[in-house]
Structure formats: C-alpha cells, structure tokens
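K.L.:
3D model of this:
(chains A and B)
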Protein chains: 2
Amino acid sequence: MRLSARLLAASALALSLAAPAFAQDAATIQRAETIRDAAMEQNIALDYVTQLTTRFGPRPAGSPSEQAAAAWAADYMRAHGFQNVRIEEFPLVGWERGEESAAIIGPRPQPLVVAALGHSPGTNGVIEAEVVRFTSLEDLNAAPAGSLAGKIAFVDAGQMIRMQDGAGYGPLTRIRSAGPGAAASKGAVAFIMRSVGSDEHRMPHTGTTRYIDGRVPLPGFALSAPDADQVSRLIEMGETVRLSLSSTAHTYETVSQNVVGEITGRTRPDEVIVLGSHMDSWDLGTGAIDDGAGGGITLAAAKAIAESGRRPARTIRVVLYGSEEVDQPNNTGNGGGAYLRGIGAAVDKHIIAGESDFGADRVFALGLPPGAQGSDFAKIAARVLYPIGVLPSQDPELHGGADIGPLAGAGVPVFGLNQDGTRYFDLHHTADDTLDKIDPAQMSQNVAAWAALVYLIADSDVDFRAMRPATAAAH
Amino acid sequence: MRLSARLLAASALALSLAAPAFAQDAATIQRAETIRDAAMEQNIALDYVTQLTTRFGPRPAGSPSEQAAAAWAADYMRAHGFQNVRIEEFPLVGWERGEESAAIIGPRPQPLVVAALGHSPGTNGVIEAEVVRFTSLEDLNAAPAGSLAGKIAFVDAGQMIRMQDGAGYGPLTRIRSAGPGAAASKGAVAFIMRSVGSDEHRMPHTGTTRYIDGRVPLPGFALSAPDADQVSRLIEMGETVRLSLSSTAHTYETVSQNVVGEITGRTRPDEVIVLGSHMDSWDLGTGAIDDGAGGGITLAAAKAIAESGRRPARTIRVVLYGSEEVDQPNNTGNGGGAYLRGIGAAVDKHIIAGESDFGADRVFALGLPPGAQGSDFAKIAARVLYPIGVLPSQDPELHGGADIGPLAGAGVPVFGLNQDGTRYFDLHHTADDTLDKIDPAQMSQNVAAWAALVYLIADSDVDFRAMRPATAAAH
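P.N.:
Next comes the predicted model:
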C-alpha cells in the first residue's frame, strides 16, 4: 500500500478512538437475505451486458464506441433509478490496432494467427527476420547485448495453467509487459510471445505492454497457443524459422470517461461505498466477461438494494470506469486515477471499495479488509452468504485491480468477492470474449452475493479503517 | 448405391455359388491380437501427422503446400517400407481465399469474424447492404422472387447439436451447399450463414458450396456462432442491420494428386483393400483432424501389419487422396473420382474399402457391409476388437465419404470404424484444426482397431460381395 503520512496518522487515530460499531440487527439480516434471494431470481445484470455488448461491440479505451457506450450506460442508470448520474471525462493516449498479419516464410510459407500487443507501435512496412526463441524472460534478459540484432525475439514460457483464482496470470504478464523493452535492448527488430492464456484455441490474447521513455519500444505480438507450438516445433525440428510481421497499429490523443451513478444514502449520504468495474474492452472481442459482466453485476446489485423498499444509510456508488486496459505512468490515462483525482479529500469518506472484473461465474469466497476478518461483521456476512455457497476467504489484505487500485493506494479499504476464474483466462483479451460465454445462473448468484454484502455494509456504521490493525496500516 | 448392371449380375452369381469362405483360424486371430496390442503401444500415426502439419501447415487442394506435402508423404511411405509408392496427378479448379473482411456498419460499426465459403467468388470491391434474416433454407427458398434485390441473405438455422456420430452436420450443410444459389435466385448480392459447427468460438467454419452452371453464383460467408448471434440479436432488438463484406477469393487451374503406397499381398496381391484418407485441408487450420489424422491412422495400421512378421495374403493399399474438400460435378477435381478412373476394371478386385476422415478420437463400433453383419467373420472381428472397446454397429449399408464414395458407387463394399466425433465439429474446417487437438492415446486405440480389422480381412479369403444379400445389392 502507498499510504500518505496524513492518512497513516488518521487511521492510527481512528484505531485508538473507535471500537468497531455497527448494528446488524435481525431486521437488517433479514433484509439482506430478502435482497439476496430476490437478486437470485431476477436482476438486470444479463440485460445490461447483453445490450452493451450487442449494441456497441468492442469498446477500446478512448474509442468512439466506448464513448457512445458510456453515454448509453448513463441513460441506462437513470432509467433504472440511479441518482446523481454523471460522466466524468479525462484525456488519454488511445491505441488503434489497424491491419496486422504474420506468417512463417521459411522453411516453407504458412500463415500465423497473432495479435499486436496493446500500445505496440506499427511495423512501418513488413519486417522479415529470423526467430530466436527463449523459454523465459530471464533467458531473454541474459542474452548478450547485440545478439538479437536484426532478429525477432520469441518468448514461449509454456502454457498458462488453468486455476480457479487465475494464479498463473501474473508471472506470465511480466513477459508481455517487459518483453518488448528487453528484446529492444538486445537489438531485436520485433518481439513475439506465446499468448498469456489457458486455452488451446487459435485465439491470441492481446494486452497492454510497458511504456519506456514515452512509448512501447518495439512492435510486439502475441501468438495463439497453437501458433506458438508450431513455431517452437519447427525450431525443435532443427529448422531456421523466418517470419514476416506487419502491423499498422498507432496511438492517438483522445478522451475516455467514468460513468458514475448512485443509490444515495438515506441518512449518511457522504459515506460512500464504491462498486467498480470497467466499460472499456479490448478490440478483439465484445468485452462481455472483461468487463461488461462487472458493470452488469454491480449495477444489478445496487438496483436490487434500491428496490428492497428502503434505501440504506450510506451511498452506494457504481463507477463504470473508462480506460482500465491502459498502463501509462502515474495512473494517467485510466479511469481509476481520474476518479481518485476527482474526489479529492472525499477519499476519506470512502468506506470501502470492491471491484468486479473477473468474469461472471459464481462467487465462492468473501475477502474482507484486515481486522474485519473474524469480526462480528464478518460473522454476519458469512451467515448471509453461506446459503449461496460463499465462504470466508483467508486472503491477505486486498488492493483491488486497476480500477479501484488507486483508491486502495490512498487508504480506502477493499473487499473482494472471489469468483471462479477457471475459464476466465481461456477468454480474456481474445476475440472469444463474447456474450455467449456468460452463464446466466452463475451471474445471478454473483449479483446476489454483491447485493447482500453491499447492503450489509451500506445500512450499517461498520468502519473498516478503524478495524485495521496498526501493522497492516503501516504495511 | 449406383451399381452397374454388370456388377449387379456378378454379385447375384457370387451369392448363388459361394458360401462365405474364409479361414480365421486360431493362429490368425492370435496374430490380429498381437498386431492390435503392438499398435496400442507404438505406431507412427502421431509422428506422421506431427510432421505433416508442422512442416506444411494448411494444404488447400491443388496448392503448392498440398503438392509439396504429397511428395514428402511419398518419401515417408518409402522410408517406412511401403511398396509401389506413387503419385497420381489429376487436374482441378483450385480456390484461394485472398483477403476478406466483414463488419456491421449500422446501426453502429463493429467488426465481424467471417470466412468465405470454399469456391465462393470474390466481392469485386466492398459490398454494403442490409441484411435479411431467415431461420431455415426453406424460408429463404420461399422468399418472393426479387424480394432480396440489393440485400444480403442471412440464414441462421441455429447451432449444430454436438453428437457422437455428427448427425447434426448433414442437414446444416444443405444450407452451405444450396444457400448461395437460393439467395442469388431472389436477387441477393451476397449470402451469409451461421457456421456449420458445434462450438461457441469466434471460429468460422468454412466448407465448399455448390457450383451452378460452372461457378458458385454468389459470394458466401460463414459467420462464427457468436457473430451470428450478434447479428441475430441486433435484428431481434428491432435494428436494421447493414453489413460491409469484402473478399478477393478466386479460382485457378491447378493439379492435385493421390499418394498411393502398398503392403503388397503375399499370395493374392491383385486383391486390394483400400484404406483411404485425404491429404488436402482447408486453409484456415493445419488439417490435423481433417484429415492429417486419417493419413496417420491408416499408414500406421498398414505398417503395424507389415511389421508383424508375415505379410498378409492380400494387398493393403493406403491412398492419401488429394483434393477431397472439393465438390465439382461428376467427381471431377477430386482424388476419389481420379482414383476410380485410374483403376479401370481392377475395381472388381477391390475387396473392400474404408475411410478414416473423422478426427483421431477412439473407435467405438465396427460397421461391416450388408450380409457380413452377424457372419462368422463379424464374430471373429468382434472378438478381436472387443478388448479395446469396439462393438458391432447396426449401421445400414455404408457408402464411405468423398474419398471412397466413388468406389462404393462402383460396387466396392465398404466398412466403417465408427469413431467418437463429439468434438469433431467444434474444430472441423476452422483455424482451430491443429495438432494439439489430437489425443495421442485415443489415436493409438484408433490405429489398433484399424490394424487388427484390416489384418483379419487381408489375411483371409472373406468375400464381402458374395455375402451381400440380393436386396442390398439391388438397393
């Protein structure tokens, strides 16, 4: 965590003064159960993601499609009774894929299925060069200076393992992030890698890569798993493999926007619970699981609470962040950074934040901030969530994803409703991220978990900052 | 069946004179079991398909890649001890995809993933037109004349059901075959359809379509299932959907070839058993399951028999047919027709033929020609195949696929080793038809079934024509 000195002092003070205080009485629990059960039966999550993905298709950050989808989503929020609905613009450097192609040109010609990595520069014509293969980023980093002059660097670190929590993703994204820079430093003319994904389809997974001195240093491409296998096998057969690569990808100045709407608190409207997800998607699919689903789940949860007959004490703020899929320095160009800058000192009144950005499959565990695990609040939440299959998680302190990460960095506690991501990285950042991949029954369970938990927080005075142990706060 | 009068007379004569005669003594059965078990342990099927698909990639009929792969395969046969290895060329009209693209241009722009149907003409620029949707070929046929003037006809007859025997495929291919002609007859400017396939990936399934008066009458495209869903949903939302379509596909004069090699019979070499599969593939994938696998399975089965220490009495002929994926009038332009024309009167000495063209998953049933079902031969075959999970099938008379179909039409009996096709139509004719989709263990069982059965036929004097009932022969 990156807590400022001021916030550190404030949390220490809160800890010393306030015992955790909240009032989850029997009526509150019963209302949470009613909200939970009603959301299981009927909610707007699938309707939202169906309309969003069908009407607007792909929604790259800063594109006309993302902008139009944001305007539509604001209208959707208003039509469903949200208050203070607003669109908050911010500037960013956008990226457009253009035309791209790749082929093996030797020993014999055959086409390859690739996708340029996000924010890669174009090839400025066709690159034709020999491939040098590495099985790890470390091996690429260890290549002698100049040893890749005129060559294409290829990192194939093997297939991502399919796991419920997506644990295999992080280590492999380092290759995507750092690979182009590492290849450039050895003289390579382009960088290619096995897609970061757990599927075996001809579906390259795109994703953003790191800026160095204001730009991504080299054209970078992801090969689908079968294409990576093909190139690797040819090399293992002793062949010298030459590729052609072309891409007209380019960046441009544009704006993105956060779409914000609230269920305003009944008695303490300045106390805010943020439910985050993102509106932008990669350009290859229609962004159903990444992250139309998150918008649907959080909107549907908030609406289920609003429809329960009594607005909660605190404000529930749904933020459909713009431009999540961008990684530019100092949280510029993304919705999470723009939101944090926009709220200023009100960050102190942000009670907690949660982010739904891992598809639409079922929730299986609840992670609460440090100090809240094992608390009375946690016991009550566990009781309400247990009947739909959600158990307490033993996760260490949560920091959110790219959307609420800046809030977490500014001291806002974070909760996590852990959901089954077993198939998430089969689809993530591919053309296959489409509506049909959403299982409506699992999505409803997901909404029910969010609605019940958020209601319990919103209609109480539980103070997660106050519950945080001093060691965790200083951590 | 299309039996000539001469063949009809010959079969009736054989039936009246000859009781089924063969000599599967205990030693023969034991040898079949030894061959079966050895093939389960080790065979060349996976090596063949690995090298074929890795070295040559896609092998469209008549392409340089198919031609080079054929030359390589002939060498492969020679290196593995096959005799009389030869390449038999024939002319055909080839087809090349070129560049293609499709997008929704209204109500809002978004890209679509499509594949031109095989032998479709190019669009000669970009077609922009409104979509008219039909949910069956019958509905398209019933549209009033001229009602589609300037429009794009779209047939979405729903998703193909996944079945072990691929039963859902046939009815839907009628749409692919007849759709462009039907659309043209109503004035349409292009034809699009939901892919014939059982998967839910962004993977359009290509496939050939019908020539009318020497050409496919209209540009035709398959939309992947999620893309078909997207267009259908927009229409169901009440939107007028306009598309842009472009394709530079074109035909050209070329040659393809059958690759033939034999395990020459020890005592009756003129009696021939044909094991068929095809060398060509669609251009999108590398043709691992369709039909590199079939070549691997049949080559490996013949080699397993040859290695058993005693060549069988009859000749086992492996034919890697060229240009199977082509549907031109009168069996011209495909390897099956060329093979039949090449053998002339020797067709009468073709004992039986089998075709492996349904992937590489496990064999679960054996279908024998009419009259042979329930025979002593069938009982012996069942005994040898039962331990690897193959049961007798109750299929009616078999006619083979496109490769051996012409032989069947000329009176050659056909056997079928039915294999699990549950996932075949997830991959069939898509970019996803790649080596990783082959399960080596299932492929070995498949080879073992072929090797054991073919050995039993080849080292016997079983006469399937003689066993055929008169009614079936006249059928």
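
K.L.:
Next secondary structure after the helix or strand harbouring A:Arg174?
P.N.:
Under the criterion of DSSP states H and E, A:Arg174 resides in helix A:169-185. Using DSSP H and E, the next helix or strand after helix A:169-185 towards the C-terminus is strand A:190-194.

K.L.:
Tell me which residues of the helix holding A:Arg174 come out buried.
P.N.:
A:169, A:172, A:175-185 (16 or more other C-beta atoms under 10 Å in any protein chain shown). Heads up, the C-betas are built off the backbone N, CA and C, glycines and all.

K.L.:
Compute the number of surrounding residues for the residue nearest to A:Met193 when sequence neighbours are not counted.
P.N.:
Nearest residue to A:Met193, sequence neighbours excluded (C-beta to C-beta, 6 or more residues apart in numbering or on different chains): A:Val155, at 4.6 Å. Neighbourhood size, A:Val155 [other C-beta atoms under 10 Å in any protein chain shown]: 25.

K.L.:
Alongside chain B, which residues does the stretch 301-450 of chain A contribute?
P.N.:
By C-beta under 8 Å from any C-beta of the partner chain, the residues of the stretch 301-450 of chain A that approach chain B are A:Thr430, A:Ala431, A:Asp432, A:Thr434, A:Leu435, A:Asp436, A:Lys437.

K.L.:
wait, isn't the fourth one in contact with A:Ser281?
P.N.:
Going back to what we said before, that points to A:Thr434. No - using C-beta atoms under 8 Å, A:Thr434 makes no contact with A:Ser281, being 10.4 Å away.

K.L.:
Toward the C-terminus, what is the element adjacent to the helix or strand harbouring A:Ala449?
P.N.:
Using DSSP H and E, A:Ala449 falls within helix A:440-458. Where DSSP H and E defines the elements, the next helix or strand beyond helix A:440-458 is helix A:464-467.

K.L.:
In PDB, could you pull the C-alpha coordinates for that next one?
P.N.:
The C-alpha coordinates for helix A:464-467 follow below in PDB (Å, rounded to 0.1, in the frame of the first residue of the first chain):
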ATOM      1  CA  PHE A 464     -13.200  -0.900   8.200                       C
ATOM      2  CA  ARG A 465     -10.500   1.700   8.700                       C
ATOM      3  CA  ALA A 466     -11.000   1.600  12.400                       C
ATOM      4  CA  MET A 467     -10.700  -2.200  12.400                       C
END
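
K.L.:
and it, what does it pack onto?
P.N.:
If you count contacts as 3 or more C-beta pairs under 8 Å, 6 or more residues apart in numbering or on different chains; DSSP states H and E, helix A:464-467 packs onto helix A:5-17.

K.L.:
As a markdown table, the buried residues of helix A:169-185 with pLDDT and distance to chain B would be great.
P.N.:
Shown next, in a markdown table, are the buried residues of helix A:169-185 (pLDDT from 0 to 100; distance: C-beta to the nearest C-beta, whole Å):
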| residue | pLDDT | distance to chain B |
| --- | --- | --- |
| A:Tyr169 | 93 | 21 |
| A:Leu172 | 94 | 18 |
| A:Ile175 | 97 | 20 |
| A:Arg176 | 96 | 21 |
| A:Ser177 | 94 | 25 |
| A:Ala178 | 96 | 27 |
| A:Gly179 | 97 | 23 |
| A:Pro180 | 97 | 25 |
| A:Gly181 | 97 | 30 |
| A:Ala182 | 97 | 28 |
| A:Ala183 | 98 | 25 |
| A:Ala184 | 97 | 30 |
| A:Ser185 | 97 | 32 |
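
K.L.:
Looks like A:Tyr48 contacts A:Gly296 (just checking).
P.N.:
Yes - assessed by C-beta under 8 Å, A:Tyr48 is found in contact with A:Gly296 at 4.1 Å.

K.L.:
More neighbours: the two, which one.
P.N.:
A:Gly296 (29 against 24).

K.L.:
does that one sit in a helix, a strand or a coil?
P.N.:
helix (DSSP: H, G, I helix; E, B strand; the rest coil).

K.L.:
residues touching it, list them.
P.N.:
By C-beta atoms under 8 Å, 6 or more residues apart in numbering or on different chains, A:Gly296 lies in contact with A:Ile44, A:Ala45, A:Leu46, A:Asp47, A:Tyr48, A:Val49, A:Leu52, A:Ala360, A:Met443, A:Val447.

K.L.:
Next: A:Glu325.
P.N.:
A:Pro60, A:Ala61, A:Gly118, A:Gly207, A:Thr208, A:His278, A:Asp280, A:Ser281, A:Trp282.

K.L.:
so which of those comes closest to B:Leu140?
P.N.:
Using C-beta to C-beta, A:Ser281 comes nearest to B:Leu140 of the contacts of A:Glu325, at 34.0 Å.

K.L.:
what residues are up against that closest one?
P.N.:
Counting by C-beta under 8 Å, 6+ apart, A:Ser281 has contacts A:Pro58, A:Arg59, A:Pro60, A:Gly287, A:Asp290, A:Asp291, A:Gly292, A:Glu325, A:Asp433.

K.L.:
Tell me which of these has the lowest pLDDT.
P.N.:
On pLDDT alone, A:Glu325 ranks lowest of these, at 86.

K.L.:
For the residue nearest in space to the middle of chain A, give me the pLDDT.
P.N.:
Ranked by distance to the mean C-alpha position of chain A (C-alpha atoms, centre = their mean), the top residue is A:Asp357 at 4.6 Å. pLDDT recorded at A:Asp357 is 97.
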